[in-house]
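**Q** sequence plus predicted model, see below.
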Amino acid sequence: MLGATGAVGQMFVRMLADHPWFELKELAASERSAGKKYGEVTRWLEGPSPSQSIMSRRVIACDPGVVSAPIVFSALDAVVAGEIEMAFAQAGKFVLSNAKSFRMEPDVPLVIPEVNGDHLGLLDCQRAKRGWSGAIVTNANCAATVAAVIAHGGKIVQPIGMDAPEITARFSDPAGNVFGLYQEPSGQI
């Protein structure tokens, strides 16, 4: 998990902590946080803080030579994400990025799984063009995601303000799977 101490990183940590498919193995952040316990360098912004086992983990540097996980979720700010995520892909890591840095690159899939999961086919082109064995996949921003899902047959199933404060609305994809649109701790989506 790159950028684990920021607001978006915290959302990733919360969502991945007990995920059935992924193991939250490493928490990476800036050099300023590296070497310290996650709980010491993170001011938890919303919801209950993660388990003590996560809060007591040592943060490591966002360096592909230090991070051992083959798949990394990136919650890095776009100001630093481009260079760091590229270094991870060059080192053979599979980067799932939340940053805008690569969203408009023609060889980088911008994936909304409910709509265009087949765009992952671009990865062979990306690897050939860039000469790396890793990959970068980005997501769309939340407004574009909702618009795309609805344009492809999804619908709003629960309007804004109907449940937990971190969820602004719930949507269903064309297959009927329901997901929530989360808001940043500042209240902006």
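**A** Everything's here; your move. Residues are numbered from 1 along each chain as shown.

**Q** show me this structure divided up by domain.
**A** Residue ranges for each domain of the chain read 7-138, 142-182, as given by automatic domain parsing.

**Q** weakest of the ones you listed in terms of mean pLDDT?
**A** Ranked by mean pLDDT, the domains of the chain end with domain 142-182 at the bottom, a mean of 59.

**Q** looking at the domains of the chain, which is nearest to Met1?
**A** Evaluated over these, closeness to Met1 peaks at domain 7-138, with 5.3 Å, by Cβ to Cβ. For the C-beta atoms, the positions are set from N, CA and C on the backbone; glycine is no exception.

**Q** all helices for this protein, in order.
**A** With DSSP state H applied, the chain shows helices at 7-16, 38-41, 52-55, 78-90, 113-116, 122-130, 142-151, listed in chain order.

**Q** what's in contact with the first one?
**A** Meaning helix 7-16. Residues external to helix 7-16 that are found in contact with it (Cβ atoms under 8 Å, 6 or more residues apart in numbering): 1-4, 22, 24, 27, 29, 42, 44-47, 50, 54, 73, 75, 98, 182, 184-186.

**Q** please repeat the previous calculation with a cut-off of 7 Å.
**A** By Cβ atoms under 7 Å, 6 or more residues apart in numbering, the residues outside helix 7-16 that reach it are 1, 3-4, 22, 24, 42, 44-45, 47, 50, 54, 73, 75, 98, 182, 184-185.

**Q** what about that helix, distance to the chain center?
**A** Here helix 7-16 shows a centroid-to-chain-centroid distance of 8 Å under the convention Cα atoms, centre = their mean, to the nearest Å.

**Q** flag every buried residue along it.
**A** Buried positions in helix 7-16, judged by neighbour count with 16 or more other Cβ atoms under 10 Å: 8-14, 16.
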